[in-house]
Structure formats: structure tokens, C-alpha cells
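**Q** Got a sequence here, can you build the structure:
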Amino acid sequence: MYQMVMLVIDDVNVCSAVLDAWETAGAPGITILDSTGIGRVRKAGLRDDMPLLPSIANLMRAREEHHRTLFTVVDKEELVDKLIEIAERIIGDLSQPNKGILFVMPVSRVVGLRNKIK
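**A** Numbering: from 1, shown residues only. Next comes the predicted model:
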């Protein structure tokens, strides 16, 4: 059965290391998204009534508030375990605050990825 491994990385500086290690481990393709959580949005004080053209300082601060969300679809439980181990080796204990979150979801169907999975 296919599994989607999704990892939200708090420290964007470790993203490249995770990507390289996951690719080396055999992840067939990895999608990268800029993301942010509601806690960071609230902490930054972002509001609906922000000006249409925010200041440069606001833009720079907003950039720092992003996470990276990575996901990949794999077909082997062993590879899922390996990706989790790699993520925690690079990022640290994900049960600690401000590290990130990783979860795995079953995927009932995959279209367009079959040839990429070994």
C-alpha cells in the first residue's frame, strides 16, 4: 500500500539536508511547499486589515515566519521508517517544541507515480 509521508519543518535551514537525505534514501519524488501555522500568524500579529502595500520590514518578517512542508508518496513500509529516521536525525526529536511534525497517511490510489516508485 502506498503511504504519504508529510513533514512540516520548523527550521527552514535544515530543509536542504532533509531533501538530499530523503532523495538518497530512495524517495521517488518530493514536493516542497512554503507553509506557516496559525501560531506563527497570530504571533506575528498579521491581520485582515493590513495595508495593500506592506512595508519592506513586514515582508522580511513574513518570510521568516514560514515553514517548509515536504511530502512524498512511497510504497514500502521500510522506506517510511527510513524517512522518519532521517528526518529525526537531521532535525532532532520531533516530539520537542519548534522542531516540526511528521505524519504518514495511507494513500488508496496513485496515478502518475507508478513508474517512479522502485
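**Q** least trustworthy helix or strand in this structure by mean pLDDT?
**A** When the helices and strands of the chain are scored by mean pLDDT, DSSP states H and E, helix 56-64 comes last with a mean of 57.
**Q** following that helix, which helix or strand shows up next?
**A** strand 67-74 (DSSP states H and E).
**Q** Show me what the mean pLDDT comes to for that following strand.
**A** For strand 67-74, mean pLDDT is 95.
**Q** quick one, the next helix-or-strand element following that strand and strand 67-74 angle?
**A** Following strand 67-74 in sequence order, the next helix or strand is helix 77-91 (DSSP H and E). Interaxial angle, helix 77-91 versus strand 67-74 (axes from the mean of the first three to the mean of the last three CA atoms, to 10 degrees): 160 degrees.
**Q** I'd like to check what contacts helix 77-91. Which residues are they?
**A** Here helix 77-91 makes contact (CB atoms under 8 Å, 6 or more residues apart in numbering) with 3, 5, 7, 9-11, 14, 17-18, 21-22, 25-27, 72, 74, 94, 99-100, 102, 104. Backbone N, C-alpha and C define where each C-beta goes, glycine included.
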